[in-house]
Structures are given as structure tokens and as C-alpha cells.
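Engineer: sequence unknown, structure follows:
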């Protein structure tokens, strides 16, 4: 029996059938929307004091401006990756960009705290389709020999989003209004769509029905767990509302794991956790983002409330911390094949834990900004050494058909870490008498930062489980 050329082409992997595109173009097409989604994790931090006054928001609502985004983001990434595997990764990626842009417009038009929280949640839905699929589409678009470099650049762009979030937010708020921080997403989305159509080919992964039961169980578990932590200080940690929410959260998450072990088409195949690289990278992702992003949330407001800087001035002063990853992460991606992932992760996480302990003693009322710079820079260098190696470890042992799911699991866990970090560190801050005043802020900040440091130490312990010779 003879097979025609057309038949052979139809049997070839989709990645092999696509025409080659320049490496830089593929990296820009995959990274630009991801930059937009990452930017909006922290772009509001510099604007929170202004939004609080304009919309009359409470401390709890300030948390939900961030947590509504990160919870929707975290809850739906697995579903978005599963949907992309089945109907097309690029198609779902483009849908995500469109939803994100429309929700950004709704955020800018919000006239109450409740409206803004709802719009931010829809933004998170769009981001859920962008973040994991951007990495999957990039990995498929570049040659395997250049994948570590591409992931390093991708991690650098993620670091750039973290770096420029407070700066752009502060600059826009000072120069225009807080609403403008959302309008800037619209032209980015307009540029990103044709770039993705030009440079990123369509691809598919695992087939089969989407595990909607798993989506619901995971969503309920994550949402109620974070909600209980946010309400703990106001309602009381022993109140029926808080304890009941925590209990339902644990039950839902246990049921999710049982469901994933038994179903024929799991949303999150538990076999992935047999990989030491994958398991350790996800523990690192949760503990590292919990400690560091929760600290960023509190420290960005410290610079305004205690030190009296404007939003833009405060954003600029976070750059020793937040700008370092965009420089260090690509370098770490290049070094990973030479020195191994574990060495980079252990070094980077050690620097971050030490920096938070240092900050907890330096950031006191009356402390000058120059005394803070070394600790901020140490934190930034450590973050840069963590982004790319931990992302590389996630995909290191995974077949290409599982890249989208593996990436979405890791991105989900990181976003849960962001939400928990903001909730837990704010809870510690409030429990120690913290208030949004110069005298009530500094004293309560120290214990919150020490809790953040303890979380990063958990990530450091997990880094030693990365195989010693595990390379990009």
C-alpha cells in the first residue's frame, strides 16, 4: 500500500508542519500577552491608596482588587489548558486576550469597589487562558536546542511585568488617573492578536471530554480557602463562617485529588507528580510566590503610607527589587544547562529569604530609603534566579503533549500562592495591629515579612529535591 505525501503530512506532528518563524518573533508573540497578564498582578499596588479614597474601599476590598484577579486566574488555568488541548491552544489563547481587553475596559469604567472587583475577576478569566498557553505555544514554536534560552527570556519578560507593574501604575496614576492603568491594556491586546496569528501555529494536546467536575471542585476549594483567610481577622478565626469555609475548602480539594486519580480524563493527571522535577518545582512555586508577592503587596504601600512618596515615586523605588528579575532571569536561563537547576534555585531562594529577614529589621518608621536598597536588590536577584529555572524544571520531564497541562498546573499553583500571600501576610499584618497610617503600619510590617521569609524557606527546602544533575 502506498501513502501519499498529503497523507504523510497529515500524520506529522503539528509543530513539524508549521513553517519556521524567526526566534525573536515567536518570543515576542508569546511573551507580550503574558507580560500584559503579569503586569496586572501588581499594576494596582501603587494605585491602591488612591483607589481607596476614590471608591471608599475598605482594607478587605483592597485585597479583593488583587485576589479577585488571582483567584479567577488560578481557578480556571487548568480548564483553559484542557480546553486548548481539545479545540486548539492558539484559539483559546486569542480568546483569552480578547476577554482580558474587554474586562480591562470594564475595570476602567468602574464606579464602585464592587464593580471593580467583578471586572478584575473577569480579567483573571482572560489571563487564565493567556499565561499557561503562552509558554506552551512558545515551547512548540522554537527548536528544542534553543528552548532553555526562550524560557529564560519568557521568565525575564514575566520579571519585567513584575518590575514595571508598580512603576507603570504609579506613573499613570500620577500623570492621569487610576482608570488609565486599565486602558493601557487595550492597545497591547490590539497588537498582540495579529502577532500571535503570524508567529504562533495552532496545536492540540490530550483529547477527551473536559473534566468539569474537577474544575468545580478545584475552584470551590481554592476560593473558599482564600476567602476564609481574608475574613479571619474580621470574623474571628474560630467563627463558624471561617472554620466552615476552611472545612469545605479542604473537603473540596481532597475530593478533587480523588476525582483526578479515578477519572479517565483528568483535568490534572496525578501521574505528573511522579516527576521529582515537577513536584519540587510546584512546591517552590507555591511557597516562593506566597512569601514574595505578599511582601510586595505590603511594601509597595509602605513606601506611600509611611514614607510619603507619590505612587510613581514609590514605584520607582521598588525597582532595585522588581527590575532585577528582567535582567537576571534570561541569564539564569542561559546558565541552567551548564550549572544545573538546583544550584540556581538554592542560591536564588536563599537570597530571597535572607532579604526578607533583612527588610523586616530595616523597614521601620524613620528609616531612610538608601538603607533599604541593598535588601531590595538582593530580593530581586534572588527572584531572577528562581523564575526561569523553576519554569524549566516543570517541563523538563514532560512529553510535549503534556506541556500545556504541566504549565497550567504550575501557573495555577503560583497564582494560588499570590492570592494566599496577599491574604495571609495581610492577616498577619492586621492581627498585629496594622492600620493604613504611618504609625500603625511599620510596627505590624515586621512580623508579616518574617512569615514571608518562612514561606520562602519552605521553597528552599523543596529546591534540594530537584535532582542534582537536573539541567535545562
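Structural biologist: Looks like it came in fine. Since the model is a prediction, treat every value here as computed from it, not as a measurement.
Engineer: Against residue 109, how distant is the spatially most central residue of the chain?
Structural biologist: Among the residues of the chain, the one closest to the centroid is residue 415, at 4.6 Å (Cα atoms, centre = their mean). Relative to residue 109, residue 415 is positioned 25 Å away (Cβ to Cβ, to the nearest Å). Quick note: C-beta positions are derived from backbone N, CA and C, even for glycine.
Engineer: For the residue nearest to the centre of the chain, what is the enclosing helix or strand?
Structural biologist: According to DSSP states H and E, residue 415 maps onto helix 403-431.
Engineer: So what's the gap between that helix and the chain middle?
Structural biologist: Offset of helix 403-431 from its chain centre (Cα atoms, centre = their mean, to the nearest Å): 8 Å.
Engineer: Which elements pack onto it?
Structural biologist: helix 59-87, helix 113-141, helix 212-235, helix 276-305, helix 373-396, helix 438-463 (3 or more Cβ pairs under 8 Å, 6 or more residues apart in numbering; DSSP states H and E).
Engineer: cutoff 10 Å now
Structural biologist: Packed against helix 403-431, as judged by 3 or more Cβ pairs under 10 Å, 6 or more residues apart in numbering; DSSP states H and E, are the following elements: helix 23-42, helix 59-87, helix 89-108, helix 113-141, helix 212-235, helix 276-305, helix 373-396, helix 438-463.
Engineer: Export those helices as CSV, with columns for mean pLDDT, distance to residue 252 and mean neighbour count.
Structural biologist: Formatted as CSV, these follow (pLDDT from 0 to 100; distance: least, Cβ to Cβ, whole Å; neighbours: other Cβ atoms under 10 Å):
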stretch, mean pLDDT, distance to residue 252, mean neighbour count
helix 23-42, 80, 25, 23
helix 59-87, 78, 12, 24
helix 89-108, 92, 25, 22
helix 113-141, 86, 19, 25
helix 212-235, 80, 4, 20
helix 276-305, 87, 17, 24
helix 373-396, 86, 24, 26
helix 438-463, 89, 23, 20
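Engineer: so which of the ones you listed comes closest to residue 153?
Structural biologist: helix 23-42 (5.4 Å; Cβ to Cβ).
Engineer: Can you name the next helix or strand after that closest one?
Structural biologist: As assigned by DSSP H and E, the chain's next helix or strand after helix 23-42 is helix 48-55.
Engineer: Distance from that next one to the middle of the chain?
Structural biologist: Distance of helix 48-55 from the chain centroid (Cα atoms, centre = their mean) equals 24 Å.
Engineer: tell me the mean pLDDT for stretch 239-256?
Structural biologist: Stretch 239-256 comes out with an average pLDDT of 92.
Engineer: how far does that stretch sit from the chain's center?
Structural biologist: How far stretch 239-256 lies from its chain's middle: 24 Å, per Cα atoms, centre = their mean.
Engineer: Please list all residues in contact with the residue nearest to residue 437 when sequence neighbours are not counted.
Structural biologist: In space, and not counting its chain neighbours, residue 437 is closest to residue 305: 7.0 Å by Cβ to Cβ, 6 or more residues apart in numbering. Contacts here follow Cβ atoms under 10 Å, 6 or more residues apart in numbering; on that basis residue 305 touches 48, 49, 314, 435, 436, 437, 438, 440, 441, 442.
Engineer: of all the residues you listed, which comes closest to residue 405?
Structural biologist: The closest of those to residue 405 turns out to be residue 48 (Cβ to Cβ; 34.3 Å).
Engineer: From residue 261, how far out is the closest residue to the closest one other than its chain neighbours?
Structural biologist: In this structure, residue 48 finds its nearest non-sequential neighbour in residue 62, 5.3 Å apart by Cβ to Cβ, 6+ apart. Per Cβ to Cβ, residue 62 is found 39 Å from residue 261.
Engineer: buried set for the helix holding residue 415?
Structural biologist: By 16 or more other Cβ atoms under 10 Å, the buried positions in helix 403-431 come out as 403-430.
Engineer: Next, the contact list for residue 98, please.
Structural biologist: Residue 98 makes contact with 126, 129, 189, 192, 193, according to Cβ under 10 Å, 6+ apart.
Engineer: for these, which one is nearest residue 58?
Structural biologist: Set against residue 58, the nearest of the contacts of residue 98 by Cβ to Cβ is residue 126 (26.4 Å).
Engineer: quick one: the closest one from residue 203, how far?
Structural biologist: According to Cβ to Cβ, residue 126 and residue 203 sit 20 Å apart.
Engineer: Tell me if I'm right that residue 203 and residue 141 touch.
Structural biologist: Yes - with contact defined as Cβ atoms under 10 Å, residue 203 reaches residue 141; the gap is 9.1 Å.
Engineer: where does residue 202 land in three-state SS?
Structural biologist: Following DSSP: H, G, I helix; E, B strand; the rest coil, residue 202 is assigned to coil.
Engineer: count of residues packed around it?
Structural biologist: Neighbourhood size, residue 202 [other Cβ atoms under 10 Å]: 16.
Engineer: Excluding residues flanking it in the chain, which one is nearest it?
Structural biologist: Leaving aside its sequence neighbours, residue 202 sits nearest to residue 90 (Cβ to Cβ, 6+ apart; 4.6 Å).
Engineer: Kindly report the same for residue 106.
Structural biologist: Per Cβ to Cβ, 6+ apart, closest to residue 106 is residue 119, 3.9 Å.
Engineer: ok, of the contacts of residue 98, which one's closest to residue 94?
Structural biologist: Taking Cβ to Cβ as the measure, residue 94 lies nearest residue 193 of the contacts of residue 98, at 6.1 Å.
Engineer: quick one on the thing from earlier: and which of the contacts of residue 98 is nearest to residue 33?
Structural biologist: Distance to residue 33 across the contacts of residue 98 (Cβ to Cβ) is lowest for residue 192, with 4.6 Å.
Engineer: From the recorded domain assignment, give the ranges for the protein.
Structural biologist: 22-198+267-463, 211-266 (automatic domain parsing).
Engineer: Am I right that residue 339 is in contact with residue 333?
Structural biologist: No - using Cβ under 10 Å, residue 339 is not in contact with residue 333; the gap is 11.7 Å.
Engineer: Many thanks, have a good one.
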